[in-house]
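J.: Got a predicted model here, sequence first, then my questions.
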Amino acid sequence: QVHLVESGGGLVQPGGSLTLSCAASGSISRIDSMSWLRQAPGKQRELVARIISGGNTYYADSVKGRFTISRDNAKNTVSLQMNTLKFEDTAAYYCNVDGEQRAGSSYAPFDAYGEGTQVTVSS
């Protein structure tokens, strides 16, 4: 089973910066994509940023130019550098990792989510 642990959330003033980190552990054979999603109160969960195994990235329009996603394949970690934070960035942020895991003598796909870390942008 694959387990994700997130860290780095907190309270920050508008215009400030935070870095979120997520570490994946378990019987991981291969990681395909690593993503960050967020969910604000009363809103649907949305994809913020994604990085795939080849290094290509995707960003939601609302965070382009402000957020940067990166991954360390050797450590199975993904980070989200968030700059110029705005009130509307306030949300619970979730790490999502998918790929392949060892399952006994064979392999099976996995799609894991972390428990979330809160980011609050407030003056």
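T.: Structure received. Residues are numbered from 1 along each chain as shown.

J.: Give me the three-state assignment for Glu88.
T.: Secondary structure for Glu88, judged by DSSP: H, G, I helix; E, B strand; the rest coil, is helix.

J.: That one and Pro14: what is the separation?
T.: 10 Å (Cβ to Cβ, to the nearest Å). C-betas here are computed from N, CA, C, even on glycine.

J.: Look at these two and report which has more neighbours.
T.: Neighbour count, other Cβ atoms under 10 Å: between Glu88 and Pro14, Pro14 has more, with 13 against 10.

J.: Grab the most central residue of this structure for me.
T.: Trp36 (2.8 Å; Cα atoms, centre = their mean).

J.: Verify the contact between that one and Tyr94 for me.
T.: Yes. In this structure Trp36 lies within contact range of Tyr94 using Cβ atoms under 8 Å: 7.1 Å.

J.: where along this protein do the strands fall?
T.: 3-7, 10-12, 18-25, 28-39, 46-52, 57-59, 67-72, 77-82, 91-103, 106-113, 117-121 (DSSP state E).

J.: In contact with Ser35, which residues?
T.: Neighbouring residues of Ser35 by Cβ atoms under 8 Å, 6 or more residues apart in numbering: Leu47, Val48, Ala49, Arg50, Ile51, Ile69, Val78, Cys95, Asn96, Val97.
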